[in-house]
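**Student:** need coordinates for the following:
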Amino acid sequence: MAINDDLTEVREAHKFDQSALEDYLLTHVDGFRGPLEIKQFEGGQSNPTFMAQTPNQRYVIRKKPPGVLLKSAHQVDREFRVMSALGQTNVPVPKTYCLCEDESIIGTSFYVMECIEGRVFRDPSLAAETPTERAALWDSMNDTLAKLHSVDVDAIGLSDFGKPGNYFDRQIGRWTKQYMAAETTNIVEMGRLLEWLPNNIPADDTVSIAHGDYRLENTICHPTEPRVIAILDWELCTLGHPLADLGYNCMPFHNGDFANVDFSRYGLPTEKEYLERYCQRVGRPGIKQWNFYLAFSFFRLASIVQGVYKRGLDGNASSVKALEYKDTCRELATIACQILDRGDII
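**Tutor:** Sure thing, here's the model as predicted:
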């Protein structure tokens, strides 16, 4: 899918004063010249995302959603900061132009970044690609994640971007609170995870930049070549544990995306092969308690989608699809519990 294929008219709940935005960009973005034409990306469930087209250039704008927001969510300033810092590394990120925290301009805080031309793949199985391209794209995704986790945070000024250590303890606490704030019905499987996870945190306390939502859909790939050229959607990024990203990245191996796939013929790596390549790239000897990292990833995503569904009920979701997530939290929590029942699977 090309990046243009995901554009719609600006939804009523997210409309803003485009002339005020244009005036702001004239004074804060070098080389900007109007007039502006604004379209909205259908994706971006958390922070509404827009394409800003001028006669000479295209920009992408990410803003906080309207309405009452959960504490610590929708921090577009953090997205802007981490992408700006990573711009000086070998991690592929869009160029950032400006951050506006003056809510009088378009109603909420926002930032502007470059629009990178390329392809966005929604299907992690890459069904429309050849086996050779599937193998190369997944290997590029693996390599890009390893590059991110190898960044020296002190060298790029991100040593204070999060609290080092005890990542899973803090994350479990955070997403438990977020889930409880968005709970609409009792889900037994979520209750089991809320009890099991804090009592089974691994001793490994490695610290790196953790993207927080690393998957194929949150990357842009080269228009014609099978390689990642940019990582998107940094809202959940912090100083954290690299295996949280890796577990999240490996969810397609467990959620049915690869059901009935013959990995050797199809071109995709097996989960074991994918983990081995990552470990080689970052110099990690291996992974213990892999089931924890997977179960945590499904739990956290379940909490996130429950929040999206709740915002849909409240009428301030970023996408009209929010109400489709009614049963998704339970489905994800069920997979997590099945992973626990299988034990350490790698």
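**Student:** can we go C-alpha only for contacts and neighbour counts from here?
**Tutor:** Noted.
**Student:** which parts of the protein are strands?
**Tutor:** Counting by DSSP state E, one finds strands in the chain at the ranges 7-8, 37-41, 49-53, 58-63, 96-100, 110-114, 208-210, 219-221, 228-231, 238-240.
**Student:** check which residues of the second one are buried.
**Tutor:** Across strand 37-41, burial judged by 16 or more other Cα atoms under 10 Å covers 38-41.
**Student:** how is this protein divided into domains?
**Tutor:** Following automatic domain parsing, the chain resolves into domains at 3-114, 131-342.
**Student:** nearest to residue 122, out of the ones you listed?
**Tutor:** Among the domains of the chain, domain 131-342 comes nearest to residue 122, with 5.0 Å by Cα to Cα.
**Student:** if we can go back for a sec, using CSV, lay out the domains of the chain together with distance to residue 123.
**Tutor:** Converted to CSV, these look like this (distance: least, Cα to Cα, whole Å):
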stretch, distance to residue 123
domain 3-114, 14
domain 131-342, 8
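**Student:** could I get those as CSV with distance to residue 125 and mean pLDDT?
**Tutor:** As requested, the domains of the chain are exported to CSV (distance: least, Cα to Cα, whole Å; pLDDT from 0 to 100):
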stretch, distance to residue 125, mean pLDDT
domain 3-114, 19, 89
domain 131-342, 6, 95
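**Student:** buried set for stretch 95-110?
**Tutor:** Buried residues in stretch 95-110, defined by neighbour count with 16+ other Cα under 10 Å: 95-100, 105-110.
**Student:** kindly report the same for stretch 236-253.
**Tutor:** Under 16+ other Cα under 10 Å, the buried positions of stretch 236-253 are 236-252.
**Student:** tell me the gap between that stretch and the middle of its chain.
**Tutor:** Mean C-alpha position of stretch 236-253 versus that of the full chain (Cα atoms, centre = their mean, to the nearest Å) differs by 10 Å.
**Student:** measure the spatially most central residue of the chain to residue 102 for me?
**Tutor:** Most central in the chain under Cα atoms, centre = their mean is residue 213, positioned 2.7 Å from the mean C-alpha point. Here residue 213 is placed at a distance of 27 Å from residue 102 (Cα to Cα, to the nearest Å).
**Student:** just residue 110 next, same as before
**Tutor:** For residue 110 relative to residue 102 (Cα to Cα), the value is 9 Å.
**Student:** again with residue 255
**Tutor:** 41 Å.
**Student:** got it, and residue 144?
**Tutor:** Remark: distance between residue 144 and residue 102 (Cα to Cα) = 34 Å.
**Student:** please report phi then psi for the residue nearest to residue 34 when sequence neighbours are not counted.
**Tutor:** Excluding its sequence neighbours, the residue lying closest to residue 34 (Cα to Cα, 6 or more residues apart in numbering) is residue 54, at 5.5 Å. Per-residue torsions, residue 54: phi -120, psi 170 (degrees, to the nearest 10).
**Student:** cheers, nothing more for now.
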